[in-house]
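Undergrad: Prediction below, plus the sequence it came from.
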Amino acid sequence: MTRNAKKQVLTKKRFLPTQEKIMKINWGTGIVIAFIVFIAFILYFVISMNTNKKYEHDLVTEEYYKEELEYQNDIDKQNNTKTLSKNITYSKTAEGIVIQFPKDFDTEKITGKVFLYRPSNKQLDFETLISLSNTYLLIPDNRLVDGRWNIIIDWQYNGKSYLFKESIVY
């Protein structure tokens, strides 16, 4: 076979209508496709985490900056609490949590509020006013769920403010 004949056969083989062209992906195209798939995967999870109500990412408090400005008052109240001869104590009973105030204080002059904060579920948070007829305050068992609670007692006696903060497991 002559050179010209070989060339004609090769050109005919290349352009035969029955032969399909197969697209090959080189390594550069593969890397670009892998990046695009990875970015789409990450974007899917970011969008689903931000739109799904199951994954709420709330701040500890709604008015964070307002509370930050009042933080020095809390420090002063905690320093006042350190000067007490006997601080507030609490204990778990069958009825709930009993908060014991200092016995040498007149119970009628104690005012303030007790705030129980549940870190895992803000629907369980509640606040109650302090009204004492005895030296203790009872938080009923039906208001509390087993688990971790942060208890904050902001109270006043004879015009002086005190603050008690504690993490408890009920």
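TA: Perfect, thanks for sending it.

Undergrad: And stretch 142-151, what's buried?
TA: By neighbour count on 16 or more other CB atoms under 10 Å, the buried set for stretch 142-151 is 144, 149, 151. Every residue, glycine included, has its C-beta placed from N, CA and C.

Undergrad: Of these, just say which sits nearest to D106.
TA: Lowest distance from D106 to the buried residues of stretch 142-151 (CB to CB) belongs to I151, with 23.2 Å.

Undergrad: any idea how far that closest one is from L116?
TA: 6 Å (CB to CB, to the nearest Å).

Undergrad: S131 too?
TA: With CB to CB as the criterion, S131 and L116 are 16 Å apart.

Undergrad: Repeat that for P140.
TA: Counting by CB to CB - P140 and L116 are separated by 11 Å.

Undergrad: And L69, by the same measure?
TA: Distance, L69 to L116, using CB to CB: 24 Å.

Undergrad: higher neighbour count, those two?
TA: Ranked by neighbour count (other CB atoms under 10 Å), L69 and L116 place L116 first, with 20 against 9.

Undergrad: Help me confirm that that one comes into contact with W149.
TA: Yes. L116 lies in contact with W149 (CB atoms under 8 Å); the separation is 5.3 Å.

Undergrad: The helix or strand bottoming out on mean pLDDT in the chain: what's the following helix or strand?
TA: The weakest-scoring helix or strand in the chain, judged by mean pLDDT, DSSP states H and E, is helix 3-14 (a mean of 56). Counting by DSSP states H and E, the element after helix 3-14 in chain order, helix or strand, is helix 27-51.

Undergrad: So what's the model's average confidence on the next helix or strand after that next one?
TA: Following helix 27-51 in sequence order, the next helix or strand is helix 64-69 (DSSP H and E). Helix 64-69 carries an average pLDDT of 78.
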